[in-house]
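Participant: Here you go, sequence then predicted model.
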Amino acid sequence: MRSFINLTLWSCLIFMGGVSVGQMWSQETVAPMATGDAAVYGSDGAVVIPLTDELQYGLTIYTQGGGLTLRRGFYQDAYRIRWWGADLLLFKHPKEERITNPVYEDGRSYVFGKVNALHLFRVWRGGQKVHNKKLRKDAVRFSSLWRYGVTLGLLKPVYMEIGYPDIPYDYIATERYDPSIHFSSNIFGQAQWMYGLDELSVVPGIHLSYALDFEYGTERHVQRTLTAGVALDAFILEPELFASSFEQNRRTFVTLFATFELGSNWTR
């Protein structure tokens with residue numbers, strides 16, 4: 001009888017010890033379940049609300065000119081943004097070389113043989129994929145960005161200030177530049193930019209581009225973005241920048257570009 005009691009006591013002690021060890025093991029190895037607060041609040045206790053909208057504007061420089069850019073974004077989810085945008089750019093032909101009248105130093109510089117100035121107006125849509133989110137204030141959001149749309153080539157005739165009759169000039173007249181009758185000997189300089197605005201012509205085309213996007217704003221809703229990429233503009237007809245006797249015009253232009261933009265994002 002005494003042996004039976006001893007055996008029972010030892011069994012109870014072993015069972016209780018096993019339960020205690022199991023509780024300790026479960027506390028050390030099983031992670032606590034996430035609460036609802038953890039899904040809404042960040043590690044610093046601030047509320048993290050998904051963004052829905054974004055707006056950016058800034059300057060663009062590229063291998064053949066520069067200008068202004070504007071884009072409006074709509075978040076599809078935390079890693080994808082759909083964009084609409086527009087660019088207004090001044091195009092510089094790679095063969096342009098500005099010269100001045102050697103006799104009259106006060107004359108404006110001009111490009112010999114260039115009959116039209118080209119401006120590009122792009123309307124595009126695109127998408128952005130976020131590869132690395134900005135989780136800290138001093139971090140960088142890294143994304144890839146692609147765009148496609150319409151390019152309108154706006155051609156504005158070049159006007160010159162022409163001296164008559166010959167050097168030294170008696171008077172100067174403003175005329176639309178015609179390389180067949182205007183020569184370096186009678187060109188005083190290029191006329192002001194506003195001449196020819198009422199004679200604009202449009203050459204339609206398409207636009208494609210791909211870029212890498214780096215957003216490094218120090219505040220969540222205030223953005224500073226640097227974008228760098230490659231762009232293609234192709235026109236239905238050749239925009240006439242130079243007279244055919246001076247330079248061959250092209251229909252397609254491939255350029256490298258970089259943009260610096262300021263902007264903001266918010267939740268509707």
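Facilitator: That came in fine, so what should we check first?
Participant: Strands of the chain, start to end?
Facilitator: 53-62, 65-77, 80-91, 98-99, 110-111, 116-132, 141-157, 159-164, 171-176, 187-190, 201-215, 222-235, 252-266 (DSSP state E).
Participant: so which of the ones you listed comes closest to A243?
Facilitator: Nearest of the strands of the chain to A243, taken as CB to CB: strand 116-132 at 9.5 Å. Every residue, glycine included, has its C-beta placed from N, CA and C.
Participant: Test my guess that V158 contacts R176.
Facilitator: Yes - using CB atoms under 8 Å, V158 is in contact with R176, at 7.5 Å.
Participant: ok, so what distance separates the closest residue to R250 other than its chain neighbours from T252?
Facilitator: Once flanking residues are discounted, R250 sits nearest to E238: 6.3 Å by CB to CB, 6 or more residues apart in numbering. E238 is 10 Å from T252, where distance means CB to CB, to the nearest Å.
Participant: Tell me which of the two has more neighbours.
Facilitator: Legend: neighbour count by other CB atoms under 10 Å for E238 and T252, higher for E238 (14 against 11).
Participant: one step back: of the strands of the chain, give the one that comes closest to S244.
Facilitator: Nearest to S244, of the strands of the chain and by CB to CB, is strand 116-132 at 12.3 Å.
Participant: got the buried residues for the closest one?
Facilitator: 116-120, 122, 124, 126-128, 130 (16 or more other CB atoms under 10 Å).
Participant: So what are the sheet partners of that strand and their directions?
Facilitator: Paired strands of strand 116-132, with direction, are strand 80-91 (antiparallel), strand 141-157 (antiparallel) (DSSP bridges).
Participant: angle of the longest one against strand 171-176?
Facilitator: Direction vectors for strand 141-157 and strand 171-176, defined by axes from the mean of the first three to the mean of the last three CA atoms, to 10 degrees, enclose an angle of 120 degrees.
Participant: ok, now the first one?
Facilitator: Angle of strand 80-91 versus strand 171-176, following the same axes, to 10 degrees, is 140 degrees.
Participant: Quick one: mean pLDDT over strand 80-91.
Facilitator: Averaged over strand 80-91, pLDDT sits at 97.
Participant: what do you get for stretch 148-161?
Facilitator: 98.
Participant: hmm, back to that, save the strands paired with strand 116-132 as JSON lines, and put in mean neighbour count and distance to Y216 too.
Facilitator: JSON lines is the format used below for these (neighbours: other CB atoms under 10 Å; distance: least, CB to CB, whole Å):
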{"stretch": "strand 80-91", "mean neighbour count": "18", "distance to Y216": "17"}
{"stretch": "strand 141-157", "mean neighbour count": "18", "distance to Y216": "8"}
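Participant: need those in JSON lines with distance to I49, can you?
Facilitator: Converted to JSON lines, those look like this (distance: least, CB to CB, whole Å):
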{"stretch": "strand 80-91", "distance to I49": "16"}
{"stretch": "strand 141-157", "distance to I49": "17"}
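Participant: in stretch 233-241, what's buried?
Facilitator: 233, 235, 239-241.
Participant: follow-up on the earlier one: V158 and R176: which is more packed in?
Facilitator: V158 (21 against 15).
Participant: ok, what's across the strand from I99?
Facilitator: Note on I99: beta-bridge partners Y110, judged by DSSP bridges.
Participant: on that earlier part again, now for the buried residues of stretch 233-241, which pair is the farthest apart?
Facilitator: D233 and E240 (15.6 Å).
Participant: Nearest to T267, out of the buried residues of stretch 233-241: which one, please.
Facilitator: Using CB to CB, the buried residues of stretch 233-241 come closest to T267 at D233, 35.5 Å.
Participant: so how far is Y104 from the closest one?
Facilitator: D233 is 37 Å from Y104, by CB to CB.
Participant: next one: E261
Facilitator: 42 Å.
Participant: Same question for K156.
Facilitator: Noted for K156: a distance of 25 Å to Y104, by CB to CB.
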